[in-house]
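Chemist: Predicted model, plus sequence, below.
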Amino acid sequence: MDGLPPAFMANHTWQHSLKAPIGCVGIGLHSGRRIRMTLHPAEAGSGIVFRRTDLGRDIPARFDRVVDTSLATVLADESWASARVSTVEHLMAALVGTGVDNALIELDGPEVPALDGSAAPFVFLLDCAGIVDQAEPRRRIEIRRPVRVSEGEAFAELRPGSPGLEMALSIDFAAPAIGRQALSLRLTAETFRDELSRARTFTLMEDVQHLRAAGLAQGGSLDNAVVVDQAQILNPGGLRMPDEFARHKLLDVVGDLALAGAPIIGRFTAHRPSHALNNRLLRAVFADASAWHIATPEPVPAAA
């Protein structure tokens, strides 16, 4: 870990959880249901666990519990497939961005509330709850050799890199309002807050009617998604940043890679990534024992 500032080392040595419970109520983007969500502290080593209080089922936030990636990342109970939690990626990204390793997330319905379509409201909730150190070192997943998955022109790849996670992606949409965009950054608490957390999910106007006819996007609106109609942004306030689309795609990647169960050390690169490719990438990494290993940093002695 040579060359990292002391603040980075202190922040990443120990596991973290919430200081106190905190909750909110919001609408599910796809279900349209009013969902109550409460985030609770959890013991060191327990990871992130979703609890469907209406079903009495716990679902660990892990890549191997992903059962659908068509429009969002969906987790399910391995013994009861209908016990699902949908649209977990923005909350998972916020947990990574604020350094939370362990939390119990209670939901009284099938989907994480959309709130404004970004991770920023979840970051606000976590800041209000407070974050505490836990007396157990943080495990990290170090990528040891390149692993790549692809579908047509799209691909996603993890390869060895310097401490932390370097990320780069590009997107390419026919809609002129989006077009081609690229973004690269080193993922830290600061870059997540400043560069990614406020970027909202987006959709094409031509897809909205098809989604609703399929029973999806029932809770979608201009309050929780950016809607694009060819060269036009239909949201009255426009975009939050010119490349909000690429930034949101990278936000989704952060949330999807969080399902690895520990922070990743390496370099992520992708072109036209998707929830499906992100999950396939994690499955490919963990299917090859030579591609990764667990690294536990030596605790940094407390200052005198």
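Modeler: Everything's here; your move.
Chemist: Can you give me the distance of the closest residue to F192 other than its chain neighbours to E206?
Modeler: The shortest distance from F192 to any residue other than its chain neighbours is 3.4 Å, reached at G97 (CB to CB, 6 or more residues apart in numbering). The C-beta positions use only the backbone N, C-alpha and C, and glycine is treated the same way. The gap separating G97 from E206 is 32 Å, by CB to CB, to the nearest Å.
Chemist: Quick check: which ranges of the stretch 101-250 of the chain have low pLDDT?
Modeler: Within the stretch 101-250 of the chain, no stretch has pLDDT under 70.
Chemist: what helices or strands is the stretch of helix or strand H90 belongs to leaning on?
Modeler: Here H90 sits within helix 89-97, counting by DSSP states H and E. The criterion is 3 or more CB pairs under 8 Å, 6 or more residues apart in numbering; DSSP states H and E, and the helices and strands that helix 89-97 contacts are helix 120-129, helix 244-257.
Chemist: tilt between it and helix 244-257?
Modeler: If you take axes from the mean of the first three to the mean of the last three CA atoms, to 10 degrees, helix 89-97 sits at 70 degrees to helix 244-257.
Chemist: quick check: mean pLDDT across helix 89-97?
Modeler: Helix 89-97 carries an average pLDDT of 98.
Chemist: Counting neighbours, go ahead and name the busier of G97 and E206.
Modeler: More neighbours surround G97 than the other of G97 and E206, with 26 against 11 (other CB atoms under 10 Å).
Chemist: contacting residues for the more buried one?
Modeler: Contacts of G97 were listed using CB atoms under 8 Å, 6 or more residues apart in numbering, and they are 119, 123, 189, 192-193, 196-197, 254.
Chemist: ok, E106 touching I35?
Modeler: No. With contacts defined as CB atoms under 8 Å, E106 does not count as touching I35, sitting 10.4 Å away.
Chemist: one step back: for the helices and strands packed on helix 89-97, could you give me JSON lines that also reports distance to N278 and mean neighbour count?
Modeler: Converted to JSON lines, the helices and strands packed on helix 89-97 look like this (distance: least, CB to CB, whole Å; neighbours: other CB atoms under 10 Å):
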{"stretch": "helix 120-129", "distance to N278": "19", "mean neighbour count": "19"}
{"stretch": "helix 244-257", "distance to N278": "4", "mean neighbour count": "25"}
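Chemist: For G161, which of the ones you listed is the nearest?
Modeler: Each of the helices and strands packed on helix 89-97 was scored for nearness to G161 using CB to CB, and the closest is helix 244-257 (13.2 Å).
Chemist: Which other helices and strands does the closest one contact?
Modeler: For helix 244-257, where contacts count as 3+ CB pairs under 8 Å, 6+ apart, the packed elements are helix 89-97, strand 165-172, strand 180-187, strand 202-204, strand 264-271, helix 275-286.
Chemist: Compare those and give me the one nearest E151.
Modeler: The closest of the helices and strands packed on helix 244-257 to E151 is helix 275-286. By CB to CB, the value is 6.4 Å.
Chemist: Tabulate the CA atom coordinates of that closest one in PDB.
Modeler: Extracted C-alpha coordinates of helix 275-286, given in PDB (Å, rounded to 0.1, in the frame of the first residue of the first chain):
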ATOM      1  CA  HIS A 275     -26.100  -5.200 -15.400                       C
ATOM      2  CA  ALA A 276     -25.900  -8.600 -17.200                       C
ATOM      3  CA  LEU A 277     -22.300  -8.100 -18.300                       C
ATOM      4  CA  ASN A 278     -21.300  -6.800 -14.800                       C
ATOM      5  CA  ASN A 279     -22.700  -9.900 -13.200                       C
ATOM      6  CA  ARG A 280     -21.200 -12.300 -15.800                       C
ATOM      7  CA  LEU A 281     -17.900 -10.700 -15.100                       C
ATOM      8  CA  LEU A 282     -18.000 -11.400 -11.400                       C
ATOM      9  CA  ARG A 283     -19.200 -15.000 -12.000                       C
ATOM     10  CA  ALA A 284     -16.300 -15.500 -14.400                       C
ATOM     11  CA  VAL A 285     -13.800 -14.100 -11.900                       C
ATOM     12  CA  PHE A 286     -14.900 -16.200  -9.100                       C
END
